[in-house]
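Chemist: Provided below are the primary sequence and the corresponding predicted coordinates.
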Amino acid sequence: QVHLVESGGGLVQAGGSLRLSCAASERTSTISIMAWFRQAPGKEREFVASIRGSISLTAYASSVKGRFTISRDNTKNTVYLQMNSLKPEDTAVYYCAFAPTPKGPYSSSNTYDYWGQGTQVTVSS
């Protein structure tokens with residue numbers, strides 16, 4: 001069982017920045033994918049960004065591309081989400097997800113076996 005612990009959420013004004021962190025309880029393999037999803041009130045959980053293995057292959061939702069950057073530190077088993085130019089529509093609970101041996105699309109929540117508890121991000125206008 002892998003445990004994921006997120007941190008870094010909070011309240012920020014529009015145009016501001018936040019950095020989320022997600023630490024995994026065990027070493028992540030080179031083929032694994034770590035990702036961020038988010039869920040706003042009354043909406044379905046949606047893909048934000050993912051990063052795969054040692055080659056750091058990244059993918060982003062179109063709504064965050066150019067503003068958010070995902071990265072990982074394999075020595076610390078940690079993935080980060082740097083969020084810049086935040087907008088009120090980015091307000092949501094952000095979840096870290098981990099797929100040790102991914103068998104589906106990176107953007108599908110069904111691909112991921114482990115989830116963090118979520119961290120609230122609120123962007124005021």
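Modeler: Now that the structure is in, tell me what you want to look at. Keep in mind that this is a model prediction, so the values were computed, not measured. Residues are numbered from 1 along each chain as shown.
Chemist: now the one residue sitting closest to the centre of the chain, nearest residue through space, not along the chain?
Modeler: Per C-alpha atoms, centre = their mean, the C-alpha nearest to the average position across the chain is that of residue 36, at 1.9 Å. Excluding the flanking residues, the one nearest residue 36 by C-beta to C-beta, 6 or more residues apart in numbering is residue 48, at 4.3 Å. The C-beta positions use only the backbone N, C-alpha and C, and glycine is treated the same way.
Chemist: secondary structure class for the one you found?
Modeler: When classified by DSSP: H, G, I helix; E, B strand; the rest coil, residue 48 comes out as strand.
Chemist: just for the protein, where's the confidence low?
Modeler: 54 (pLDDT under 70).
Chemist: Alpha carbons of stretch 91-105, as CSV, please.
Modeler: Extracted in CSV, the C-alpha atoms of stretch 91-105 (Å, rounded to 0.1, in the frame of the first residue of the first chain):
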residue,chain,number,x,y,z
THR,A,91,-10.4,26.8,-7.3
ALA,A,92,-10.8,23.1,-6.4
VAL,A,93,-9.6,20.3,-4.2
TYR,A,94,-6.4,19.0,-5.8
TYR,A,95,-5.5,15.3,-5.6
CYS,A,96,-2.2,13.6,-6.2
ALA,A,97,-2.4,10.2,-7.9
PHE,A,98,0.0,7.4,-8.5
ALA,A,99,0.1,4.5,-11.0
PRO,A,100,2.9,2.1,-10.4
THR,A,101,2.4,0.2,-13.6
PRO,A,102,0.0,2.2,-15.7
LYS,A,103,-2.3,0.3,-17.9
GLY,A,104,-4.5,3.1,-19.2
PRO,A,105,-4.5,6.7,-20.4
